[in-house]
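**Student:** Sequence plus predicted model, see below.
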Amino acid sequence: MNVAATKPPTLRPYQIQLIKDLYDKLAEGHKRVAVIAGTGAGKTVIAGQICAHAESRGCRLMFLVHLDVLVGQTYEKMRAFGLHCGFIKAGWAEDPNAPIQIASIQTMLKRRWWRQWPADVVLYDEAHTTVFSRVGQQLLYETHRDAVHLALTATPYRLGKAQLGDHMETMVASPVPSELQKMGFLAPMKYYGFSLENQIDLSGVRTVAGDFDERDLKNACDRPELVERIVEEWHRLTPDKRSIAFCVDVEHARHVAAAFNAAGVPAATVDGDTPIRERHKLYADLRAGHILMLTSCNVISIGFDEPSVEVGLLLRPTQSLALHYQQIGRVMRISPQTDKLNGIILDQAGNLNRLGFPEDIQFYSLPTRQDPTTQGVGAAPTKQCPGCGLLVRISVMQCPDCGHNWQEEAQVILDDLSEVRHDEQVTITQEQEMIQFFHEQRKKTFRQGAAPSWCDRVFFEKFNRLPQDAWCLGSTFGHQPTLDDKYDYKHYLMQIAQRQGKSISWVISEFQKEFGPANWQEVILN
């Protein structure tokens, strides 16, 4: 499919530098490179420029996407660079002679000719998904082993054992979100959390394949009182702002949209069965302000690009860093045309406390099966303003939103009547709460690759005392850890030890805190 040459997009300085860094890696002889560009960094523009360079040099490039809806979006970007594309996608014209093939991994499973198509370069969009697909693995290890493989992703981290670094040799990256904010390429953010009684209760939710079980989440999240509460908070904090909501399933998304409509806020739902043309109409209506709330399940987390959206509602708890950052990233784009001042997150799911802020990322690295928790460092401890609900760093003494001053908090707190318990009951309950908080922080610290001492610091900031060493036992993996869990924790501790100059004695001591004193030799000395 030939297209008329158009004026291609102007790349930002850091995008030009990232592409130069990529070509330097290729010149060094690397043939498998991860290209990390966070949400809002211009990932598709970067990919378009790489494709344009490939075509101008006479190379053949296969561009993999994992969602059918992304085929059209990718082609629009290729057209902006004036490129000649064919398609491996049902309903799109196939042209094996085109130097660039935009390929849906779903359609590729039903076609065979691409196996012999002589690609010089294979570019994996949303690589934390496409690289690990059946088609992605075939391209890497069977049909196109000698090609250059470029894994493009906003975040290299993924749930499960296998990681991007198990398949890529090296990486290049854009600046982290906080740097892009300073440059003016991402909007500054405000984050609001909910009090514990208004957050989603996850006590009955199981973890399956590394994330919360969706069937259990349905029961925990799709509750009338929670839906009513998020409508109330939206009216209080972000009235009349273009908003999107990330829900557990389609029915939950429809319930949230119905509640907003009932409250006089024009709302709609988009799901996986919504036709492409209707999706585009809904996105246009949101842009124009004809609707103010668009709810979805797993549709606008990826591939949704509407910079005017100011508010994101986190209504689906997750343990996935990739999903968490993708959702927040939907409202981090700048929009000078609509006078957007900042992006706003209303987090009913507790994801911010669990996984941190994109601004916490201090560096990107390439995780592997042996070292899966190397992205950035641990999230800075936060607290919630009692006046307006804004989440701020623990060191902030005056709320930038409502002016609440922690230094001037009254020592006598007047609140609604509550149950009165005797001293022994209070002591037992307080210790249970402290242990539960400590275990949550230990899991979070491990996932993010921060040192165990960071968890102790967060605990001290909250309770003004240090946790007991005995509380560490089973805190991260439970009381029936697998051998893989023990090896994962060993590699985590060894990484910390190398980074901080700790001895092997420290590694053994920390290992025994988590798993007990017995049988450490078979893991640590192996």
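**Tutor:** Sure, I can see it.
**Student:** The longest helix along the chain: what's the following helix or strand?
**Tutor:** For the chain, the longest helix by residue count, based on DSSP state H, is helix 423-448. Later in the chain than helix 423-448, the nearest helix or strand by DSSP states H and E is helix 452-463.
**Student:** which parts of the longest helix of the chain are buried?
**Tutor:** Under the neighbour-count criterion of 16 or more other C-beta atoms under 10 Å, helix 423-448 has 434, 437-448 buried. Glycine gets a C-beta too; all of them are placed from N, C-alpha and C.
**Student:** quick one: that helix to helix 452-463, angle?
**Tutor:** Orientation of helix 423-448 against helix 452-463 (axes from the mean of the first three to the mean of the last three C-alpha atoms, to 10 degrees) gives an angle of 140 degrees.
**Student:** returning to that earlier point: would you list the buried residues of helix 423-448 in TSV and tack on pLDDT and distance to M171?
**Tutor:** Shown next, in TSV, are the buried residues of helix 423-448 (pLDDT from 0 to 100; distance: C-beta to C-beta, whole Å):
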residue	pLDDT	distance to M171
M434	86	39
F437	88	35
F438	90	34
H439	90	33
E440	89	30
Q441	89	29
R442	91	28
K443	90	26
K444	88	24
T445	87	24
F446	89	22
R447	87	20
Q448	84	18
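**Student:** which SS state does A34 fall under?
**Tutor:** Of the three states, A34 takes strand according to DSSP: H, G, I helix; E, B strand; the rest coil.
**Student:** From A258, how far off is it?
**Tutor:** To A258, A34 is 42 Å away according to C-beta to C-beta, to the nearest Å.
**Student:** who's more crowded, those two?
**Tutor:** When neighbours are counted by other C-beta atoms under 10 Å, A34 and A258 differ, and A34 comes out ahead with 29 against 14.
**Student:** What residues does that one make contact with?
**Tutor:** A127, L150, A151, T153, P156, L164, G165, M168, T170, M171, V172, L366 (C-beta atoms under 8 Å, 6 or more residues apart in numbering).
**Student:** Including neighbour count, could those residues go into JSON lines?
**Tutor:** Below are those laid out as JSON lines (neighbours: other C-beta atoms under 10 Å):
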{"residue": "A127", "neighbour count": "27"}
{"residue": "L150", "neighbour count": "26"}
{"residue": "A151", "neighbour count": "28"}
{"residue": "T153", "neighbour count": "26"}
{"residue": "P156", "neighbour count": "25"}
{"residue": "L164", "neighbour count": "25"}
{"residue": "G165", "neighbour count": "21"}
{"residue": "M168", "neighbour count": "25"}
{"residue": "T170", "neighbour count": "15"}
{"residue": "M171", "neighbour count": "22"}
{"residue": "V172", "neighbour count": "21"}
{"residue": "L366", "neighbour count": "23"}
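**Student:** can you tell me which of those are in strands?
**Tutor:** Of the positions in the contacts of A34, L150, A151, T153, T170, M171, V172 sit in strands, assigned by DSSP state E.
**Student:** Reformat these as a markdown table; add pLDDT.
**Tutor:** Formatted as a markdown table, the ones in strands among the contacts of A34 follow (pLDDT from 0 to 100):
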| residue | pLDDT |
| --- | --- |
| L150 | 98 |
| A151 | 97 |
| T153 | 93 |
| T170 | 95 |
| M171 | 95 |
| V172 | 96 |
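**Student:** Out of these, flag the one nearest to C385.
**Tutor:** T153 (34.0 Å; C-beta to C-beta).
**Student:** Turn the contacts of A34 into a markdown table, columns for distance to K462.
**Tutor:** Shown next, in a markdown table, are the contacts of A34 (distance: C-beta to C-beta, whole Å):
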| residue | distance to K462 |
| --- | --- |
| A127 | 37 |
| L150 | 43 |
| A151 | 39 |
| T153 | 34 |
| P156 | 31 |
| L164 | 34 |
| G165 | 34 |
| M168 | 39 |
| T170 | 40 |
| M171 | 35 |
| V172 | 38 |
| L366 | 33 |
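**Student:** Which one of the buried residues of helix 423-448 is nearest to E28?
**Tutor:** Distance ranking of those against E28, using C-beta to C-beta, places Q448 first at 30.1 Å.
**Student:** who touches the closest residue to S104 other than its chain neighbours in this structure?
**Tutor:** Computed as C-beta to C-beta, 6 or more residues apart in numbering, the closest residue to S104 that is not its neighbour in sequence is K89, at 4.4 Å. Contacts of K89 were listed using C-beta under 8 Å, 6+ apart, and they are D68, V71, I102, A103, S104, T107.
**Student:** Looks to me like the third one is in a helix.
**Tutor:** By that I understand I102. No - assessed with three-state DSSP, I102 is strand; it does not lie in a helix.
**Student:** Next, the buried residues of stretch 260-274.
**Tutor:** F260, V265, A267, A268, T269, V270, D271, T274.
**Student:** so how far does that stretch reach from one end to the other?
**Tutor:** Stretch 260-274 stretches 20 Å from its first residue to its last (C-alpha to C-alpha, to the nearest Å).
**Student:** Counting neighbours, what do you get for S308?
**Tutor:** By other C-beta under 10 Å, the residues close to S308 number 18.
**Student:** And R215, by the same measure?
**Tutor:** For R215, the tally of surrounding residues (other C-beta under 10 Å) stands at 12.
**Student:** how about the helix or strand containing it as PDB, C-alpha atoms only?
**Tutor:** Per DSSP H and E: R215 is located in helix 214-221. What follows is helix 214-221 as a C-alpha-only set of coordinates in PDB (Å, rounded to 0.1, in the frame of the first residue of the first chain):
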ATOM      1  CA  GLU A 214     -10.300 -11.600  38.400                       C
ATOM      2  CA  ARG A 215     -13.300 -13.600  39.700                       C
ATOM      3  CA  ASP A 216     -12.400 -12.700  43.300                       C
ATOM      4  CA  LEU A 217     -11.900  -9.000  42.200                       C
ATOM      5  CA  LYS A 218     -15.300  -9.000  40.700                       C
ATOM      6  CA  ASN A 219     -16.900  -9.700  44.100                       C
ATOM      7  CA  ALA A 220     -14.600  -7.300  45.900                       C
ATOM      8  CA  CYS A 221     -14.800  -4.300  43.500                       C
END
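**Student:** List the contacts of it.
**Tutor:** Residues from elsewhere that reach helix 214-221 (C-beta under 8 Å, 6+ apart): 200-202, 204-206, 247-249, 251-252, 315-317, 349.
**Student:** The residues you listed in helices, which ones?
**Tutor:** Members of the contacts of helix 214-221 lying in helices (criterion: DSSP H): E251, H252.
**Student:** and of the contacts of helix 214-221, the nearest to E232?
**Tutor:** Nearest to E232 among the contacts of helix 214-221: L315, at 13.8 Å, using C-beta to C-beta.
**Student:** quick one, phi psi at the closest one?
**Tutor:** phi -110, psi 0 (degrees, to the nearest 10).
**Student:** Isn't A119 up against R60?
**Tutor:** Yes - using C-beta atoms under 8 Å, A119 is in contact with R60, at 5.2 Å.
**Student:** What segments of the stretch 151-300 of the chain are helices?
**Tutor:** Using DSSP state H, counting those that start in this stretch, the helices found in the stretch 151-300 of the chain span residues 177-183, 214-221, 224-237, 250-262, 276-288.
**Student:** Farthest pair within the ones in strands among the contacts of A34?
**Tutor:** T153 and T170 (14.1 Å).
**Student:** Now for A119 and R60: what residues contact both?
**Tutor:** With C-beta under 8 Å, 6+ apart, A119 and R60 have common neighbours Q101.
**Student:** Look at these two and report which has more neighbours.
**Tutor:** When A119 and R60 are compared on other C-beta under 10 Å, the one with more neighbours turns out to be A119, at 24 against 19.
**Student:** Now do the contacts for that one.
**Tutor:** A119 neighbours (C-beta under 8 Å, 6+ apart): R60, L61, M62, Q101, H144, A147.
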